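Undergrad: got a predicted structure here, sequence first:
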Amino acid sequence: MLTFNAGVEKIACPLTPDNVDFFMANGNPMAKALKIASQFGNEYDILYLQKQFERLQQMPNASRMFFKIASALDKEQLEDYLAEVRYALVFAGLGFQVEIEPDGIKGPDLKISRDDHQAIVEVTRFRKIHPGPSKLALSDENLRLPIYGNPLRDIRKAFDKLLSKFPQVEGEQAIIAIWNDDGDLEEGEVKTAINALCNDAERGILSLPHCLLFILYSSPWVRTIDHKQLYCFPLRHLDQPDQITWQSEFERFTVREYIQRALTQQTGKG
């Protein structure tokens with residue numbers, strides 16, 4: 001277990017290419033990252049997060065992720081970075097070799113490789129703007145599902161967010177990985193937004209990145225009927241065996257199950 005230095009304080013400045021060396025020269029980056037996470041509320045399971053960070057530390061350039069987390073200015077920014085951690089561990093749980101920021105802070109978030117195939121990954125998070133459906137009282141005999149969300153608004157949000165990521169995934173086989181914390185937005189709106197992007201590309205209104213394989217989507221919510229949490233939406237027909245295998249594997253288990261697999265690779269224990 002890590003012991004925090006009593007002198008470690010929250011770093012109140014954003015991480016930039018110019019100040020990376022400052023962060024590297026000032027103490028244990030993983031300890032600082034955990035310290036900052038603990039300061040943003042008691043909702044984090046710090047011991048579980050520590051296990052995740054220890055697994056992440058085995059990945060090339062992991063210190064870059066810790067520096068970003070240690071520089072988080074608020075809880076929303078921290079959650080943005082933790083979404084990257086989450087996906088790095090999901091890919092590790094699937095047996096990929098994962099590299100953090102392979103081209104530095106201005107490049108893709110992750111690079112994954114397995115069986116002589118590789119892809120870059122750009123992670124984006126939909127921040128919590130709308131609360132989503134209210135909790136249901138199952139004991140209520142007059143229970144009715146509440147109306148929530150605004151499909152047109154939410155589809156537009158997903159459309160614009162994905163479109164803004166396209167310039168970052170040019171030139172290499174790539175995946176855009178979405179983590180959604182907006183309670184009003186669901187996988188259906190994301191799928192509709194992706195279909196709209198593909199339709200606009202067919203009409204010549206926009207161009208899809210040539211090497212973008214698919215959009216990977218997940219959120220904290222697990223679908224009850226089939227225990228599904230991860231959704232893989234291809235932007236075009238996948239014809240390579242490795243691509244087809246990746247697509248089917250991503251949707252097989254929950255995020256937590258993939259993370260547990262990654263942690264097991266480290267400890268040898270379940």
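TA: Sure thing, it's come through.

Undergrad: dump the residue contacts of the residue nearest to the spatial centre of the chain.
TA: Closest to where the C-alpha atoms of the chain average out (Cα atoms, centre = their mean) is Ala83, at 3.6 Å. Applying Cβ atoms under 8 Å, 6 or more residues apart in numbering to Ala83 gives the contacts 123-125, 179. Any C-beta I mention is one placed from the backbone N, CA and C, and that applies to glycine too.

Undergrad: ok, now Glu257?
TA: Glu257 sits next to Gly93 when contact means Cβ under 8 Å, 6+ apart.

Undergrad: so how far is Ala92 from it?
TA: Distance of Glu257 to Ala92, computed by Cβ to Cβ, to the nearest Å: 13 Å.

Undergrad: now Tyr44
TA: Distance of Tyr44 to Ala92, given as Cβ to Cβ: 20 Å.

Undergrad: can you show me the helices along the stretch 101-250 of the chain?
TA: Secondary structure of the stretch 101-250 of the chain (DSSP state H, counting those that start in this stretch): helices at 151-165, 187-202, 241-250.

Undergrad: now for those helices, which one comes closest to Thr264?
TA: Among the helices of the stretch 101-250 of the chain, helix 241-250 comes nearest to Thr264, with 16.6 Å by Cβ to Cβ.

Undergrad: give me the contacts around that closest one.
TA: 94, 115, 117, 213-214, 216, 230, 232, 234, 238.

Undergrad: make a markdown table from the residues you listed and add distance to Asp160 to it.
TA: As requested, the contacts of helix 241-250 are arranged in a markdown table below (distance: Cβ to Cβ, whole Å):
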| residue | distance to Asp160 |
| --- | --- |
| Leu94 | 29 |
| Asp115 | 35 |
| His117 | 31 |
| Leu213 | 21 |
| Phe214 | 19 |
| Leu216 | 18 |
| Leu230 | 23 |
| Cys232 | 21 |
| Pro234 | 21 |
| Leu238 | 25 |
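
Undergrad: now list the buried members of those residues.
TA: With burial judged by 16 or more other Cβ atoms under 10 Å, the buried subset of the contacts of helix 241-250 is 94, 213-214, 216, 230, 232, 238.

Undergrad: would you mark the buried spots in the helix or strand harbouring Glu79?
TA: Using DSSP states H and E, Glu79 maps to helix 75-93. By neighbour count on 16+ other Cβ under 10 Å, the buried set for helix 75-93 is 77-93.

Undergrad: how far does stretch 259-268 sit from its chain's centre?
TA: Relative to the centre of its chain, stretch 259-268 is centred 18 Å away, using Cα atoms, centre = their mean, to the nearest Å.

Undergrad: whoops, stretch 97-116 was the one
TA: The answer for stretch 97-116 is 14 Å, by Cα atoms, centre = their mean.

Undergrad: now the strands for the stretch 1-150 of the chain?
TA: For the stretch 1-150 of the chain, the strands defined by DSSP state E, counting those that start in this stretch cover 97-100, 110-114, 117-126.

Undergrad: just send those strands back as TSV, with distance to Leu34 and mean pLDDT too.
TA: Below are the strands of the stretch 1-150 of the chain laid out as TSV (distance: least, Cβ to Cβ, whole Å; pLDDT from 0 to 100):
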stretch	distance to Leu34	mean pLDDT
strand 97-100	17	97
strand 110-114	21	96
strand 117-126	20	96
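
Undergrad: tabulate those (a markdown table), appending distance to Leu206.
TA: Formatted as a markdown table, the strands of the stretch 1-150 of the chain follow (distance: least, Cβ to Cβ, whole Å):
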| stretch | distance to Leu206 |
| --- | --- |
| strand 97-100 | 30 |
| strand 110-114 | 25 |
| strand 117-126 | 17 |
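
Undergrad: go through the ones you listed and name the closest to Trp221.
TA: Distance to Trp221, taken as Cβ to Cβ, is lowest for strand 117-126 among the strands of the stretch 1-150 of the chain, at 12.6 Å.
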